[in-house]
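Asks: next one to model:
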Amino acid sequence: MSARRDVLCGGLAAAAWAMGARDAAAVDDPILLRRLQTRPKTSPWPNDWFQPRGLVRGAARPGPFAPAVDAPLADGAALREAAAFARAHQIEALVVWHDGRFALADFAPGFDAAAPFNSYHMHWLPLVLAVGAAVDQGRIASLDAPIGTYLDEWSGDDRGRITLRHLLTMSAGLELYRDSVKPEELAAQVFFGGQRTAAILQWPRKTAPGVEFEYNYIVPELIGLILERATGQAYADYLSEKIWRLLGNADAEIWLDRPGGQAYHNAALFASLGDWVNVAILLAGRGRVGDRPVISARWIAEMTTPSAANPNFGFIWLGTPFNPERRFSKDINYVARASVPFTVPDLIVVDGYVHRLFVSPARRLAIVAVGTGGRVDPARRKSWDDAAIPNAVARALRL
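Replies: Numbers count the residues shown, from 1 in each chain. All right, here's what the predicted structure looks like:
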């Protein structure tokens with residue numbers, strides 16, 4: 001390695017070389033190298049590590065989240081059962097909203113309902129809602145147009161023939177994203193880098209689109225690029241204008257690859273419990289909060305229509321038909337299990353790894369479960385049952 005390069009990167013390039021870097025472009029990204037050096041070695045990663053951030057501006061005067069639990073319960077024991085299961089599986093907050101009222105608000109000692117937390121992959125839901133706003137607004141004319149329409153870099157490429165519907169249904173046929181800390185690899189550049197757009201647009205194709213379901217973490221990043229180009233606005237600004245402020249949410253933050261740069265769309269949306277309850281209520285209300293429309297009911301129907309590649313996934317996870325082992329991909333170890341079918345037939349499941357939203361528009365039901373940060377204890381993860389909480393709540397409310 002030249003002395004000049006070592007000086008330019010402040011010694012970080014030397015560290016990257018020791019990790020096996022062979023790609024000059026990777027070594028020449030100081031943000032990538034710094035993040036690889038400073039990435040936390042234990043879980044959970046502290047929120048403050050995810051810097052810099054962009055502001056998702058909320059309502060001017062968001063009220064504190066203080067749910068009044070006043071819904072009459074047919075079976076309080078079943079609701080206590082749901083809360084007990086949640087506590088036993090590292091859930092720190094469990095909130096149940098039904099038909100305009102709160103039936104349960106159970107918090108672990110010390111839980112701060114106003115404190116923003118890392119949403120992990122629940123971020124997928126606000127992203128899909130923002131796409132819906134762009135469709136409602138006419139900024140995106142068709143889900144079935146090739147994405148080369150929006151991504152000039154792919155306009156003459158086979159990948160440009162992928163449609164936005166393929167992306168939203170997780171059947172794009174792109175190589176599966178796998179975590180990496182090797183700076184020469186695209187996955188590390190996409191997650192840690194300061195020049196993420198270039199890395200995202202290098203992502204390779206694997207198969208024809210529309211054939212195989214594979215929940216692929218590169219897909220939200222592509223959708224975010226397309227959304228920004230279609231709307232002409234930064235993602236955080238568009239999300240704020242079309243979703244966040246309309247819900248009465250507080251300010252949230254989103255991780256950026258560099259100051260003023262590209263937002264992360266796969267995770268790292270920092271928002272509070274009350275914000276997520278409002279998002280879940282929006283979904284339960286088929287795009288309305290009270291009498292106020294935010295997203296069209298047509299878009300919610302699109303989101304919840306089973307896709308050709310997976311009957312348990314539209315643009316979001318669907319609880320019907322019964323699937324005892326919900327897999328992200330045949331090549332990923334992560335499995336979410338359900339011991340029995342969901343008793344609420346139209347249940348939507350938003351999977352945030354350690355968090356869950358369970359929503360039924362037909363029953364006007366929204367359940368928000370916020371887990372402790374970091375890795376779930378393996379024994380508890382193995383005994384997690386997606387059906388336990390929503391089925392107990394359904395019994396309690398006689399749904």
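
Asks: need the nearest residue in space to residue 284, chain neighbours excluded.
Replies: Leaving aside its sequence neighbours, residue 284 sits nearest to residue 366 (CB to CB, 6 or more residues apart in numbering; 4.3 Å). Just so you know, the C-beta spots here come from the backbone N, C-alpha and C atoms, and that holds for glycine as well.

Asks: that neighbour in helix, strand or coil?
Replies: Going by DSSP: H, G, I helix; E, B strand; the rest coil, the secondary structure assigned to residue 366 is strand.

Asks: that one touches residue 357, doesn't it?
Replies: Yes. Under the criterion of CB atoms under 8 Å, residue 366 makes contact with residue 357 at 7.2 Å.

Asks: if we can go back for a sec, distance-wise, check the residue nearest to residue 284 relative to residue 44.
Replies: Distance of residue 366 to residue 44, computed by CB to CB, to the nearest Å: 25 Å.

Asks: residue 116 now?
Replies: According to CB to CB, residue 116 and residue 44 sit 14 Å apart.

Asks: quick one: the strands in this protein?
Replies: Assigned by DSSP state E, the chain shows strands spanning 53-56, 91-98, 101-107, 117-118, 252-255, 269-271, 288-289, 292-293, 317-318, 325-327, 335-337, 348-351, 356-360, 365-371.

Asks: what distance separates the last one from the centre of its chain?
Replies: Using CA atoms, centre = their mean, to the nearest Å, we find the averaged C-alpha position of strand 365-371 to lie 14 Å away from the chain's own average C-alpha position.

Asks: give me the residues contacting that strand.
Replies: By CB atoms under 8 Å, 6 or more residues apart in numbering, the surrounding residues in contact with strand 365-371 are 86, 89-99, 111, 117, 273, 276-277, 280-281, 283-284, 344, 352-359, 389-390, 393-394, 397, 399.

Asks: which ones are touching residue 189?
Replies: Residue 189 makes contact with 26, 29, 32, 183, 195-196, 198-199 under the criterion CB under 8 Å, 6+ apart.

Asks: now list the buried members of these.
Replies: The neighbour-count test (16 or more other CB atoms under 10 Å) marks 26, 29, 32, 183, 195-196, 199 as buried among the contacts of residue 189.

Asks: what's the farthest-apart pair in those residues?
Replies: Put simply, by CB to CB the two of the buried ones among the contacts of residue 189 set farthest apart are 183 and 196, 13.2 Å from each other.

Asks: show me what contacts the residue nearest the centre of the chain?
Replies: Centroid check for the chain by CA atoms, centre = their mean gives residue 123 as the closest residue, at 2.5 Å. By CB under 8 Å, 6+ apart, residue 123 lies in contact with 220, 265-269, 352.
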